[in-house]
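Engineer: Only the shape, not the letters, is given here:
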């Protein structure tokens, strides 16, 4: 027998507005048009950060336990809670670069526990003060 709970708002017992919601990895949501459903957990970003390459530090992040400066414009990002395998996607972009000519951002490699990012301007690796990157896929 299945159950359905219909409510407008979920709040904590004290009524202050905050609550914890735990979803199973099979939870789904209905698309904007209502025609299809998608898996909620698989659609979430699992890792993200805004990295200042000049100071080798993340200005903000989620699920990252460390950053290793491998050289100018070359960093290894260590994931706190590993991905299920190396078959996930990493997206990256530099927010502010010294020159907009021939700028490339690249993921050199990735494993379940880390990924390596590169930033180049005019063909040379260089540090930028605002480098955004995120990973989507299955956590272990």
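Structural biologist: Structure received. Note that this is a predicted model, so its numbers are computed, not measured.
Engineer: all strands for this structure, in order.
Structural biologist: 28-30, 37-39, 45-52, 57-62, 64-71, 74-79, 89-94, 103-111, 114-121, 124-125, 131-136 (DSSP state E).
Engineer: Below-threshold pLDDT in the chain: ranges please.
Structural biologist: Along the chain, the model assigns pLDDT under 70 to residues 96-101.
Engineer: and with 90 instead?
Structural biologist: Applying pLDDT under 90 to the chain flags residues 1-35, 37-43, 94-104, 121-124, 140.
Engineer: one step back: any chance of the strands of the chain in a markdown table, with distance to residue 1 and mean neighbour count too?
Structural biologist: Just so you know, the C-beta spots here come from the backbone N, C-alpha and C atoms, and that holds for glycine as well. Below are those laid out as a markdown table (distance: least, C-beta to C-beta, whole Å; neighbours: other C-beta atoms under 10 Å):
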| stretch | distance to residue 1 | mean neighbour count |
| --- | --- | --- |
| strand 28-30 | 20 | 12 |
| strand 37-39 | 21 | 11 |
| strand 45-52 | 34 | 19 |
| strand 57-62 | 38 | 14 |
| strand 64-71 | 43 | 14 |
| strand 74-79 | 40 | 20 |
| strand 89-94 | 39 | 17 |
| strand 103-111 | 44 | 15 |
| strand 114-121 | 45 | 20 |
| strand 124-125 | 60 | 12 |
| strand 131-136 | 35 | 20 |
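Engineer: want to throw those strands into a markdown table with distance to residue 13?
Structural biologist: As requested, those are exported to a markdown table (distance: least, C-beta to C-beta, whole Å):
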| stretch | distance to residue 13 |
| --- | --- |
| strand 28-30 | 26 |
| strand 37-39 | 30 |
| strand 45-52 | 30 |
| strand 57-62 | 28 |
| strand 64-71 | 33 |
| strand 74-79 | 34 |
| strand 89-94 | 39 |
| strand 103-111 | 42 |
| strand 114-121 | 40 |
| strand 124-125 | 53 |
| strand 131-136 | 34 |
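Engineer: Show me the one of those strands that comes nearest residue 3.
Structural biologist: Nearest to residue 3 among the strands of the chain is strand 28-30; the distance by C-beta to C-beta comes to 16.1 Å.
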